[in-house]
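Novice: Sequence first, predicted coordinates after that:
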Amino acid sequence: MTTKLDHLEAALRNALGEQLQNLTVALGEVTIVVKAADYLSAMRVLRDHPDLRFEELIDLCGMDYSAYGDGVWEGPRFAAVSHLLSIAHNWRLRVRVFAPDDEMPVVASVIDIWAAANWYEREAFDFYGILFEGHNDLRRILTDYGFIGHPFRKDFPVSGYVEMRYDPEQKRVIYQPVTIEARENVPRVIREEQYGMK
């Protein structure tokens, strides 16, 4: 007896053929990996093929694999991960595409396939520095325009590079290097023998 996931797996292998780099089924979810060169055409097939019909892009996010698996990861560093939904077939799919260049991660934009990708791709650019080729308005969406770096990268310092504050003398917002004052945090100790006696 074949399950719904078996049907989805067979449909994916049939429709994508050589474009399918990897397919895994785990925890009731199907994840595929496609090459960056095949990404745009594979996504069109996923949307338009009658056996698949992934009409809806639910989510798209960036990933930084530099510290994945406690640093034993040897593949490309950055990936865009999309979650698709087929309303017609009532199934979901995760699609992962790795940017071939770690220094300047670039993958194709799927904004022409699913308009919902607009803000998701802007967020992945803002937080991870992944460039989406073909996106017509790729600019920061959640951090400030003067923000330096990409805060979700594993090598981004936890404290950041600069901080923003209002200067009452200049009557404007200014940026300055991060200043973190060391503080000593002494925990309050409760002795069991005296607990609740007062």
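Specialist: Here it is on my side, so go on.
Novice: From here on, just use CA atoms for contacts and neighbour counts.
Specialist: Noted.
Novice: Now do the helices in this protein.
Specialist: With DSSP state H as the definition, the chain shows helices at residue ranges 4-16, 39-48, 117-128.
Novice: which one of those lies closest to residue 104?
Specialist: Closest to residue 104 of the helices of the chain, according to C-alpha to C-alpha: helix 117-128, at 10.7 Å.
Novice: That closest one - what's its average pLDDT?
Specialist: Helix 117-128 shows a mean pLDDT of 95.
Novice: Determine the set of other helices and strands touching it.
Specialist: Using 3 or more C-alpha pairs under 8 Å, 6 or more residues apart in numbering; DSSP states H and E as the contact test, the elements touching helix 117-128 are strand 56-64, strand 131-133.
Novice: now those strands as TSV including mean neighbour count, distance to residue 21 and mean pLDDT?
Specialist: Conversion of the helices and strands packed on helix 117-128 to TSV gives the following (neighbours: other C-alpha atoms under 10 Å; distance: least, C-alpha to C-alpha, whole Å; pLDDT from 0 to 100):
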stretch	mean neighbour count	distance to residue 21	mean pLDDT
strand 56-64	20	18	95
strand 131-133	18	21	95
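Novice: Save the ones you listed as JSON lines, and put in distance to residue 83 too.
Specialist: Shown next, in JSON lines, are these (distance: least, C-alpha to C-alpha, whole Å):
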{"stretch": "strand 56-64", "distance to residue 83": "5"}
{"stretch": "strand 131-133", "distance to residue 83": "17"}
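Novice: for those, which one sits closest to residue 153?
Specialist: Where the helices and strands packed on helix 117-128 are weighed against each other on C-alpha to C-alpha, the nearest is strand 56-64, at 6.1 Å.
Novice: Check which strands are paired with the closest one and give the direction for each one.
Specialist: Strand 56-64 has these partner strands in its sheet, going by DSSP bridges: strand 78-86 (antiparallel).
Novice: hmm, who's touching the partner strand?
Specialist: Counting by C-alpha atoms under 8 Å, 6 or more residues apart in numbering, the neighbours of strand 78-86 from elsewhere in the structure are 52-66, 91-99, 102, 105, 107, 124, 130.
Novice: Off-centre distance for that strand?
Specialist: Here strand 78-86 shows a centroid-to-chain-centroid distance of 8 Å under the convention C-alpha atoms, centre = their mean, to the nearest Å.
Novice: likewise stretch 115-124?
Specialist: With C-alpha atoms, centre = their mean as the basis, stretch 115-124 stands 10 Å off its chain's centre.
Novice: Can you give me the buried ones in it?
Specialist: Of all the residues in stretch 115-124, those buried under the rule 16 or more other C-alpha atoms under 10 Å are 116-124.
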